[in-house]
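Chemist: my questions concern the predicted model and sequence given below.
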Amino acid sequence: MVFENILSLESMPERCPESSESQYFTYVVRQLLIGDYRLLIRVVGDTARVLDFKGGRQNKPK
């Protein structure tokens with residue numbers, strides 16, 4: 001299930017909402033929620049670059 005969701009980024013990665021972590025960067029950081037996990041990505045052209053993969057026990061920054 002995780003890998004299928006990651007592969008789905010090939011089609012419209014901009015569909016993922018902006019993450020709260022974006023405030024710390026000069027570019028938009030998006031998130032893909034997969035069950036108890038959050039995948040943080042940056043979309044550059046037609047490429048979705050994975051920045052981080054957060055487990056369910058890791059808290060988002062406030």
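Modeler: That came through fine.
Chemist: residues in contact with the residue nearest to Leu32 when sequence neighbours are not counted?
Modeler: Spatial nearest neighbour of Leu32, excluding adjacent residues (Cβ to Cβ, 6 or more residues apart in numbering): Leu39 at 4.3 Å. Placement of C-beta: from N, CA and C, glycine included. Listed by Cβ atoms under 8 Å, 6 or more residues apart in numbering, the contact set of Leu39 reads Asn5, Ile6, Gln31, Leu32, Leu33, Val50, Asp52, Phe53, Lys54.
Chemist: same thing but at 7 Å, please
Modeler: Leu39 makes contacts with Ile6, Gln31, Leu32, Val50, Phe53, as judged by Cβ atoms under 7 Å, 6 or more residues apart in numbering.
Chemist: could you look up the SS state of it?
Modeler: Here Leu39 is recorded as strand under DSSP: H, G, I helix; E, B strand; the rest coil.
Chemist: for it, name its beta-bridge partners.
Modeler: Leu32, Phe53 (DSSP bridges).
Chemist: can you get me a residue count around Ser19?
Modeler: As a burial measure, Ser19 scores 24 neighbours (other Cβ atoms under 10 Å).
Chemist: and what of the one 4 residues further on?
Modeler: Burial of Gln23, expressed as a neighbour count using other Cβ under 10 Å, amounts to 9.
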